Each structure stands twice: as C-alpha cells, then as structure tokens.
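Chemist: Next input, structure requested:
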Amino acid sequence: MQLSELKQAGRQPTLPMSIPLADAAGPSDLQVLSLLRVLPGQRYVGAAVWRGTPVLAKLLVGSSAARHFQRELDGVRLLAAQGLTTPTLLADGLVDDQGGWLLFEYLDHSQSLGDAWQQVEQAPALSDGQQTVIAQALGAVAQMHAVGLWQDDLHLDNLLRQDDRLYLIDGAGIKAETPGKPLSRQRVLENLGVFFAQLPKRLEPFLEELLVHYLLSNAEHALPLEALQKQIDKVRTWRQKDYLEKAGRECSLFSVERTLSGVQAIRRSEVQALQPVLQQADALIDQGHLYKTGGAASVARIEVAGRPLVLKRYNIKSAAHWLKRFWRPSRAWHSWIEGNRLLFLEIATPRPLAVREQRVLGLRSRAYLITEYIEGPDLSESFAPHVHSGEAPQQQVDALVQVMQQLIGARISHGDFKGHNLFWVNDHWSLIDLDAMRQHATQLSFAKAYARDRARLLRNWPSDSALYQRLDALLPRLTA
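Modeler: Numbers count the residues shown, from 1 in each chain. I've put the predicted structure just below:
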C-alpha cells in the first residue's frame, strides 16, 4: 500500500500492511503489524518493523499531513534539546501529495501511565497505587516546566513507563515559552489545571498534598490553590462539553450515523454486539422481561449473548403527541446525553450503550435507548421497613446525602425523584430515568429545581413518619 492510500483506508485497514518509504539510506518497506491509535484519513500510529528493527510508526496523511508532521517533529526536537527523556527518533520523512512519517524506537514491555491509572482508579482515594502514578506524572510535568516546555494535550497516556524510566511522548502537543528557562507561573497553573481536571473529582480535597509531588521537582513558583482550582474548574467545564459533543458525532469513542431515516450512536466498543439489537429492537422488547409497556415508553430487560441489558422504546402515542415531539431531540437522545454527563461527572447511573432515533423524511418518530442492566433494590424497597422507625441503614442514608451533594456540585436536577428511580448498587445510589434531567446554567435556576427534587424525594414517605423527619433533617438544602 502506498502511504497516500491510507487516506481511504478507514478506521480498520487490513493488517499487516507494507508501505514503501525512503530515507537517506534509500527505499525500504515499513511493515505495520498492529495499530494503537487511528484518526481515519489523517493519522495512523502502530507497531511496525523498519529495516529489521521494531519501531513505533506515526503515519500522517491527508490535507493536513505536512502541518501535523512539522508539529510532531518540532516537539520531539524540543524535548531532546532540553535533555528530557523521550523515545529516539530513528527516521522521518515527508513527501508532497503522499504524507509524512516518523519512526521511533519501540519501547518493549512499556506501559502508559493511563493504563497504570486504570489499575488503581477504583481504589480508595489517594491509595498508595494512585499516589505512585500521580507522583511519577507530576515529576515528569515539573521537569518539562522547569525548562520552559509544556504539553498542551496533557494526559496520562502521553507518559510511558518502562521499568523505572518515564518517557515523554506525543511531540505534536509540546509547546515552548522560552526553552531552557522556567515556565511562567500562569502557564504552569493553566497546564496543571489540564492535568488535575482529568483526575477523579473525589481527589480534589487532596490537591495540596498531591501538588507536593510537583514542587519536589520544580519549586520555581508559589502555586496558590485557589488559582489552581479555578483553572481546574475551567478545564472540567470544557472537557464535559467536548465529551458530550463527541457522544453525538463519529469519533474514537462513539460510532455515529446520521441519515434521513434516523440517527444512531453506539459506544464504539459495543458496535458489533449492539448494532443487531437496534435493528430488531421491537421484537426483542416483545420477547424480553417487560417492566413497562404501552403509553409513552416501553421498557424491557433483554439478553444479548448472555448479557442482561435494558432496552427502552419511547413511543409516539398519537398524531398530537408526534406534533409535540418531532421537532426536538427525543427523550431517548436526551437520556443518552444526560447518562453520559453523569458518567463523566462520576455520578452513578447505568452506562448508556446505544441510542437510535427513527426518522421519516428527517422528522423524529420512535426512539430507542440501550443501557447496562443494574440489579439491586430501589430506594422505596430499601427504606420500606424503616418508614416508622426511621432507622434506615446509615450507609444508605449517607450515600443518599452524597448523591444529592454531587448533584448540587454539578447543578443538575433530576426532575422525577420517585423512589423507583434510585437503585442501591455496589454501595451507592444509581440514578435511572433521566428523561427530565437538566444541568442548569445559573444557581438561581438550579436552586428552584433542586428544591422540587428534594421535595419529590421526601414525598416517597408520609410527612409525619420518622424516616421523613430524619431525611428532611439530613438532606442538603438550597435557597434561591
């Protein structure tokens, strides 16, 4: 395959593939064995062999190939010039109308800090394993900052660990202020804001403790926590917006198709399993275990290759109902976005897996949503034995207070807090039925909606019951 042909190769080109390249030593074929990252028609990164040597190959094609090639090359040279540890660039080249390539030494048995983090992420906050990963990352970031460089796409996957050595990768994101001189305080705060915004929000109370790992390698500036928190909040807001936009477009995380007959979005890792489900959704609902049927929605538990899932169909009840719904996003799409919002914010909810809106000449009709199935008692069932005594388990009460505090922190109202919409799963309350969920732009708007949510939650029990009185005293309050 010629390098230029990669533009039409799509997301999954046939492997292995042989691509003729040339350097000062003459032409030779690059044997690409596997792909690690693909941006269709633009960038292909994978393990390869070049002149008998294992390499990491970055192949850049398309109309922006020359610009992306130069950015990568400039970044790699900046890292090397400042003596920072980065994989050796073995060969590179750029050919007009074809594309560019950069071949790096292959770091065998290496692991990204992103993968290392996944292994410890679910541990209690600030566990030893978490501290180790964060300390290594912040030490590397501090070294960059000390010599005037920063990574504008800073995340844990751009740091590779081989044995006890840490490598900085992805030269395309490397920027310089004044190479060789410490980065300015404002740029440090901005870049650290990008780093910390990608860590779980539950680690924020330990921000000062974590920052010590950075200061041990670079204490050039005093870093006020208030200023750093402001940068973290700014980046979190941007990252949430970007993530939710990705949930509605074709990207590495989601497979999205838009036609006049419908819009469909599936988590990319679930496409093979769930594409057939969406194609026969009505039959599967009829065959499944029905929780609700008729009216505005039909809900069933189905099985896909032995895996239980929840399939929800949003019905069109009448012509009048259709006239109210066809011109705006369906409740399925709204639930898809809000479910992904909750996941991003680390607020428990069944993982949304796929959504489809049927359309007729572009106008919305029926819609379907597939989520993970969760098993556990709902709030009403859990608290039913304790209505008169008020002695609901402290763990469940604390968890209810916590989820309300999470919603307050994110300015999210649920819209229908009946007891059947919270399930006790893995020691926390998981929210379902997100049709009316909303994230508010202003505190005034949110305070009113939260007051309605809180009141609806308490209405699950008689106002004169001991349980009502206990929860009313404990659940956080807001005023407009």
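Chemist: From here on, just use CA atoms for contacts and neighbour counts.
Modeler: Will do.
Chemist: Leaving out sequence neighbours, find the closest residue to L36.
Modeler: Of all residues not flanking L36 in the chain, G46 sits nearest, at 4.9 Å (Cα to Cα, 6 or more residues apart in numbering).
Chemist: go on, L422?
Modeler: Distances taken as Cα to Cα, 6+ apart place L431 nearest to L422, at 4.9 Å, with adjacent residues excluded.
Chemist: for R249, same thing?
Modeler: Per Cα to Cα, 6+ apart, closest to R249 is V256, 5.4 Å.
Chemist: Also R11?
Modeler: Computed as Cα to Cα, 6+ apart, the closest residue to R11 that is not its neighbour in sequence is P40, at 5.1 Å.
Chemist: Go through stretch 288-295 and flag the buried ones.
Modeler: G288, L290 (16 or more other Cα atoms under 10 Å).
Chemist: I meant stretch 85-99, not that one.
Modeler: Counting neighbours by 16+ other Cα under 10 Å, one finds that the buried residues in stretch 85-99 are T86, P87, L89, A91, D92, G93, L94, Q98, G99.
Chemist: Dig out what the residue nearest to R249 forms beta bridges with.
Modeler: Beta-bridge partners recorded for V256 (DSSP bridges): A265.
Chemist: and it, how many neighbours?
Modeler: For V256, the neighbour count with other Cα atoms under 10 Å is 20.
Chemist: repeat for the one 10 residues further on
Modeler: For I266, the tally of surrounding residues (other Cα under 10 Å) stands at 27.
Chemist: In this structure it contacts F254, no?
Modeler: Yes. Using Cα atoms under 8 Å, I266 makes contact with F254 at a distance of 5.7 Å.
Chemist: where does the protein have low pLDDT?
Modeler: 294, 317-328, 361-364, 480 (pLDDT under 70).
Chemist: Tell me the buried residues in the helix ranked longest in it?
Modeler: When the chain is parsed with DSSP state H, its longest helix is helix 225-246. If you call a residue buried by 16+ other Cα under 10 Å, then helix 225-246 has these buried ones: L228, Q229, Q231, I232, V235, R236, R239, Q240, L244, K246.
Chemist: cool, stretch 65-72 as well?
Modeler: Using 16+ other Cα under 10 Å as the test for burial, stretch 65-72 gives A65, A66, H68, F69, R71, E72.
Chemist: what about the residue nearest in space to the middle of the chain, distance to L199?
Modeler: Residue closest to the average C-alpha location in the chain (Cα atoms, centre = their mean): F344, at 5.7 Å. F344 is 11 Å from L199, where distance means Cα to Cα, to the nearest Å.
Chemist: Then L21?
Modeler: Using Cα to Cα, we find L21 at a distance of 40 Å from L199.
Chemist: Likewise for Q12?
Modeler: Between Q12 and L199 the distance is 31 Å, computed by Cα to Cα.
Chemist: Which one's more surrounded, those two?
Modeler: A count of neighbours by other Cα under 10 Å puts L199 above the other of Q12 and L199, at 16 against 10.
Chemist: Surely the more buried one is in a strand?
Modeler: No. Assigned with DSSP: H, G, I helix; E, B strand; the rest coil, L199 falls outside any strand and is coil.
Chemist: Tell me which residues touch it, please.
Modeler: Counting by Cα atoms under 8 Å, 6 or more residues apart in numbering, L199 makes contact with nothing.
Chemist: for R366, same thing?
Modeler: Applying Cα under 8 Å, 6+ apart to R366 gives the contacts R313, Y314, N315, I316, E357, Q358, R359.
Chemist: if you look at the buried residues of stretch 65-72, which of them are in helices?
Modeler: A65, A66, H68, F69, R71, E72.
Chemist: my read: the first one touches Q42, true?
Modeler: By that I understand A65. Yes. Assessed by Cα under 8 Å, A65 is found in contact with Q42 at 7.0 Å.
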